[in-house]
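Engineer: After the sequence you'll find the predicted model.
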2 protein chains.
Amino acid sequence: MRKVILGVGVSIDGYIARKNGAVDFLFIPKDYSMAEFVKEVDGAVMGRKTFEMALKLGGGSFGSPMKSFVFSRSKPAGERQGVTYTNKTPARLIAELRKQKGKHIWLMGGGELARSFLKADLVEELYIGVVPVLLGAGIPLFPSGFPQREFKLAENKTYSKGLISVRYSRLRKH
Amino acid sequence: MRKVILGVGVSIDGYIARKNGAVDFLFIPKDYSMAEFVKEVDGAVMGRKTFEMALKLGGGSFGSPMKSFVFSRSKPAGERQGVTYTNKTPARLIAELRKQKGKHIWLMGGGELARSFLKADLVEELYIGVVPVLLGAGIPLFPSGFPQREFKLAENKTYSKGLISVRYSRLRKH
C-alpha cells in the first residue's frame, strides 16, 4: 500500500515555521541527507499555505519532480504552478492515489493539514527532524484536535549540529 | 553553578499530561533509569498544578527526599505537605538557591512554569523523555510566549518500547 509519510523539520517546541511562515531556523547538516527518504516517495501533498511558502522560498517556482497536490478550500481545483490544486477531502484523495500504482506519498505540512490527515487516520509514518532550538512561538506541526494515535519508533539518529531525525510507524491495535 | 534542568516526559506532540492532568500515557521502560539524573539534583521546583497532580498520584503524599519548592500565586508561602510554597519569581528563588551550596535543581513542570523560567532564561538544560504517541490534545510542555532560546544537543538515546531520551544544554552567544 502507498503510505502517507508526514515528513517535516521542527523546533524542539514543535514548530514547523515562525508565525510569519519563516523557516530560517531549519538547517540540513552535512552528514544528513534526505536522499533515501525521497527515493521512497513519488507524490507530495501539502496545505495551501505551505505551498505558498515553498513558492516564495523557491523565488516563485515550485521545482519538484514529484506529482504534487495542494489542498485548498478557497482556490479552484486544477493544475497550476506545477501542482494540482484539490478541493477533495484527504481521505478521498488518498483513496484515489492508493488505487494508482506508485511509491509512498509525502505529507509536507502544514499543521492544519497534518491535523486533518491525523483525524482521518491517514498518516502511516512520521519522519521528523528536530533542530536544537526553542522558538517560543510559531506554527505548530501538531495543532490539537485529533484523536490519540499510537506509533512505534522505527529510527532515531543523531546528526551534526544537534539535528535529531526520528521515524515512527503507526501502530494499530487489532 | 547550580543549573536548572527541565526534566519531564512528553508525547510526540509535546504534551506533559492530558487536559484533565492524567499522565497514564507516560511509561518507564525496563532498560531506562532516572537514577543517574536524580543523582545530579538535590532540589526540585514545580508549579502548583503539577504539585497537586503529583500529590494525587502519590495518594495524598509527596514522598520526595529533595528540597522541593512549589510556585503559587494563590496559596500562601511556607512549608506544608512536605514542600515549600513560594510566591517569589523564578529569577528570585533561583538566585537565592544559587547562593546556597548544592547540586542542580530539577524543574519538574508544568508548562506555565516552564514558560516563566524560559522567559527569564533560567533553564540551563532540557532532559526530555519522548513516548511514541500523539495525544492530539493536552497540557503542552512548551506553551508559546517566550523568546527564542538556542540549545546544544548533549545526548540522544533510544530505549525499549520506543522511548527516546534527549538532553540539551543552553547555548549562549557571547
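Structural biologist: Arrived safely, thanks for sending.

Engineer: make it CA atoms for all contacts and neighbour counts henceforth
Structural biologist: OK.

Engineer: residues contacting the residue most central in space within chain A?
Structural biologist: Compute the mean C-alpha point of chain A, and by Cα atoms, centre = their mean the closest residue is A:Met108, 2.3 Å away. Counting by Cα atoms under 8 Å, 6 or more residues apart in numbering or on different chains, A:Met108 makes contact with A:Leu6, A:Gly7, A:Val8, A:Ala44, A:Val45, A:Met46, A:Thr50.

Engineer: which ones among those residues are found in helices?
Structural biologist: Counted as lying in helices by DSSP state H, out of the contacts of A:Met108, are A:Thr50.

Engineer: Could you identify the longest strand within chain A?
Structural biologist: strand A:149-158 (DSSP state E).

Engineer: Buried residues, the lowest-mean-pLDDT helix or strand in chain A. List them.
Structural biologist: Across the helices and strands of chain A, mean pLDDT, DSSP states H and E gives its lowest value to helix A:48-57, namely a mean of 90. Buried positions in helix A:48-57, judged by neighbour count with 16 or more other Cα atoms under 10 Å in any protein chain shown: A:Arg48, A:Lys49, A:Thr50, A:Phe51, A:Glu52, A:Met53, A:Ala54.

Engineer: and the spatially closest residue to A:Gly21 that is not a sequence neighbour, how far is that from A:Leu141?
Structural biologist: Take A:Gly21 and drop its neighbours on the chain: the residue closest to it by Cα to Cα, 6 or more residues apart in numbering or on different chains is A:Met53, 6.8 Å away. For A:Met53, the distance to A:Leu141 equals 15 Å [Cα to Cα, to the nearest Å].

Engineer: And A:Ser61, its phi and psi?
Structural biologist: Backbone geometry at A:Ser61, expressed as degrees, to the nearest 10, gives phi -120, psi 150.

Engineer: cool, and A:Pro29?
Structural biologist: The phi/psi pair for A:Pro29 (degrees, to the nearest 10) is phi -70, psi 160.

Engineer: surely it meets A:Leu163?
Structural biologist: Yes: if you go by Cα atoms under 8 Å, A:Pro29 and A:Leu163 touch, sitting 7.5 Å apart.

Engineer: Please identify which helix or strand holds A:Val10.
Structural biologist: strand A:4-11 (DSSP states H and E).

Engineer: The helix or strand following that strand: partners in the sheet, and parallel or antiparallel?
Structural biologist: Downstream of strand A:4-11, the next assigned helix or strand under DSSP H and E is strand A:15-17. Strand partners for strand A:15-17, identified by DSSP bridges, are recorded as strand A:139-140 (antiparallel).

Engineer: Run through who's touching the partner strand.
Structural biologist: In contact with strand A:139-140 (Cα under 8 Å, 6+ apart) are residues A:Gly14, A:Tyr15, A:Ile16, A:Ala17, A:Arg18, A:Lys19, A:Gly21, A:Gly111.

Engineer: I would like a PyMOL command selecting only the buried ones among these, please.
Structural biologist: In PyMOL, this line selects whichever of the contacts of strand A:139-140 come out buried by 16+ other Cα under 10 Å:
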select buried, chain A and resi 14+15+16+17+18+111
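
Engineer: Nearest to chain B among the contacts of strand A:139-140?
Structural biologist: Minimum distance to chain B across the contacts of strand A:139-140 is 7.2 Å, recorded for A:Gly14 (Cα to the nearest Cα).

Engineer: for stretch A:83-90, the distance to its chain's centre please.
Structural biologist: Distance of stretch A:83-90 from its chain centroid, counting by Cα atoms, centre = their mean, to the nearest Å, is 15 Å.

Engineer: got the end-to-end distance for it?
Structural biologist: Taking Cα to Cα, stretch A:83-90 runs 16 Å from one end to the other.

Engineer: Check what contacts that stretch and list those residues.
Structural biologist: Here stretch A:83-90 has contacts from A:67-73, A:75-79, A:116-117, A:120, A:122, using Cα under 8 Å, 6+ apart.

Engineer: Could you rerun that using 10 Å?
Structural biologist: Residues outside stretch A:83-90 that contact it (Cα atoms under 10 Å, 6 or more residues apart in numbering or on different chains): A:44-48, A:51, A:62-64, A:66-79, A:93-96, A:113-114, A:116-122.

Engineer: Let me see the ranges of the strands in chain A.
Structural biologist: So, for chain A - with DSSP E - the strands run A:4-11, A:15-17, A:41-47, A:67-71, A:78-80, A:83-86, A:104-107, A:125-131, A:133-134, A:139-140, A:149-158, A:164-170.

Engineer: I'd like to know which of the ones you listed lies nearest to B:Arg172.
Structural biologist: strand A:133-134 (11.5 Å; Cα to Cα).

Engineer: Bridged to A:Val45, which residues?
Structural biologist: A:Phe69, A:Leu107.
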